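Visitor: got a predicted model here, sequence first, then my questions.
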Amino acid sequence: MKGKFLIISWLGFLTGMCLSFFSCTKDLKDDIRDLQKPVLAGIVMLDTDTMEILKGEEFKIRFRVNPSGFQVSKENFTLDVLKSDVYIPQKEDEGKVETRASYINPLYYECLSVEPDKNESAEILDGQWVACMKAVTDVNLMSFDHVAPVISYRDVNGQLQLITATLGCVLNVLPTAEESLHIYCPKAQTLDLVGVNAEPSTLPYIILIDHYYYENKAGKKWSYDYNQFVDAKVAFGNGEESLFTLDKSRLKRGGVFLEPDISENKWIVFKESNEKYIDFDFTLQLFDKNEELIIEKPLSMCYYRRSEYEAEPMEISVEAINKDGEVEIPFKKYFEILEIDESKVGTLSRIRRGGDQKQVKEKEGKWVLPKFLAGEPGTEKNSSVSQYICTMLLGDLDAHELKDYYVMSTKVSIPLLFTE
């Protein structure tokens, strides 16, 4: 019995030794395999020119690794932001100034994939890789980011190591057109231009394409480049495009105009009707040099039919005006009949008000006829007041050009009959 026990114990010892030997052999093979794996020695960026990318858009980073046998994947690749210059929007023109709490770049560069680089014949280029990236952020900004590829690996001791490329590139991350542009038009305009130093004419409907100013912490400004726009189109419903001609001559200055074709029957009927106004819904589309759509914006427009009113003659006593020194002429009452004023036009980022008067003068918000302008008994003079509202294109102002574009003009005339 004792001998049998010794034999069993000896066999168990041998079995344990064998298992230990095989385990050590496996570990040794794994260690040898790890030692045989290529150890990353360096990264070379292949595209070092500044890249202009749209926020949220995918882009590619091409690089080479040394030694060429080192394997790269999306799990061990990232972009390191070495330096960043962030511009945030300043929206004073809408009364909504963006916070300047932080210029720290909130961008995150997400790695979508890393694949071997290939030539035009679809042959793999040894040691060259292409990383597909995406600039991700919910913040409205523009930034210049100096970035470099970073690859991680584990050394023979299992320690995580990082290697950064010696050369990087600059990524110019741009905000979307929806974020950097404010496209709008007056809520209403007058159909006719009257009462200014020009012959009466039809007033084109203006569409304003304003850019926001972005600013960095040093006070340097950036804004959307109007030269990106190469073409513009408008889409109406119910075949209403035939009622207008789109004037794109000021597109690169931040504006386009819809010119009514007054020869169209719909305009003729409208002008002869008693309707207060006519309105349309449409969509503005802007395109780049590749004929790709940059942005489209649904808009509404409204033309008021009447912009001029001639009142019944008003009798004025010369004796009374000589006694009182002046007499009020009720222009305000007649302007209300036209039913369009600045409140109907709506809020415009840039506005200039003006007007003219004949035979009367403005005094404390009303119009009066002073006695030195009065006529002799039995004579008649025609008095009138005109008012207008203009706006300007932001691109004109950027170019230091002051040019007015009328959006509303009204005129009231009152014949004055002078009596004893």
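Guide: Received, thanks.
Visitor: so where do the helices sit in the stretch 201-350 of the chain?
Guide: Secondary structure of the stretch 201-350 of the chain (DSSP state H, counting those that start in this stretch): helices at 265-271, 318-324, 331-338, 342-345.
Visitor: likewise the stretch 1-150 of the chain?
Guide: Under DSSP H, counting those that start in this stretch, the stretch 1-150 of the chain gives helices at 2-36.
Visitor: where in it is pLDDT low?
Guide: Within the stretch 1-150 of the chain, the segments meeting pLDDT under 70 span 1-37, 91-106.
Visitor: residues contacting residue 308?
Guide: Counting by C-beta atoms under 8 Å, 6 or more residues apart in numbering, residue 308 makes contact with 192, 194, 195, 338, 410, 411, 412, 413. C-betas here are computed from N, CA, C, even on glycine.
Visitor: so who does residue 277 touch?
Guide: Residue 277 is in contact with 188, 302, 303, 304, 305, counting by C-beta under 8 Å, 6+ apart.
Visitor: can we see that at 10 Å?
Guide: 188-191, 270, 302-306, 339-340, 344 (C-beta atoms under 10 Å, 6 or more residues apart in numbering).
Visitor: now, those residues that are in strands?
Guide: Per DSSP state E, strands hold the following members of those: 189, 190, 302, 303, 304.
Visitor: do you know how far the nearest residue to the first one once chain neighbours are set aside is from residue 392?
Guide: The spatially closest residue to residue 189, leaving aside those adjacent along the chain, is residue 407, at 5.1 Å (C-beta to C-beta, 6 or more residues apart in numbering). In this view, residue 407 and residue 392 are 11 Å apart by C-beta to C-beta, to the nearest Å.
Visitor: same check, this time on residue 366
Guide: According to C-beta to C-beta, residue 366 stands 29 Å off from residue 392.
Visitor: which of these two has more neighbours?
Guide: Ranked by neighbour count (other C-beta atoms under 10 Å), residue 366 and residue 392 place residue 392 first, with 21 against 12.
Visitor: show me how far stretch 252-259 is from its chain's centre.
Guide: With C-alpha atoms, centre = their mean, to the nearest Å as the basis, stretch 252-259 stands 16 Å off its chain's centre.
Visitor: buried stuff in it?
Guide: Going by neighbour count (16 or more other C-beta atoms under 10 Å), the buried part of stretch 252-259 is 252, 253, 254, 255, 256, 257, 258.
Visitor: ok, stretch 119-138 next?
Guide: Quick answer for stretch 119-138 (16+ other C-beta under 10 Å): 127, 128, 129, 130, 131, 133, 135, 137.
Visitor: out of those, which is nearest to residue 52?
Guide: The closest of these to residue 52 turns out to be residue 135 (C-beta to C-beta; 11.3 Å).
Visitor: mind splitting this protein into its structural domains?
Guide: Split into domains by automatic domain parsing, the chain comes to 42-175, 180-419.
Visitor: who's in contact with residue 190?
Guide: By C-beta under 10 Å, 6+ apart, the residues touching residue 190 are 202-203, 277, 303-308, 338, 340, 344-345, 388-389, 406-411.
Visitor: what sits closest to it if chain neighbours are left out?
Guide: Per C-beta to C-beta, 6+ apart, closest to residue 190 is residue 307, 3.9 Å.
Visitor: right, and that neighbour touches residue 188 too?
Guide: No - in this structure residue 307 lies outside contact range of residue 188 using C-beta atoms under 10 Å: 11.2 Å.
Visitor: could you report the neighbour count for residue 239?
Guide: Using other C-beta under 10 Å, residue 239 has 7 neighbouring residues.
Visitor: before we move on, back to that, can you tell me how far the residue nearest to residue 190 is from residue 414?
Guide: From residue 307 to residue 414 the distance is 16 Å (C-beta to C-beta).
Visitor: so where's the stretch 151-300 of the chain shaky on pLDDT?
Guide: The model of the stretch 151-300 of the chain has pLDDT under 70 over residues 198.
Visitor: for residue 146, list each beta-bridge partner.
Guide: Under the criterion DSSP bridges, residue 146 forms beta bridges with residue 83, residue 170.
Visitor: quick one: contacts for it?
Guide: Per C-beta under 10 Å, 6+ apart, neighbours of residue 146: 50, 80, 81, 82, 83, 84, 85, 168, 169, 170, 171.
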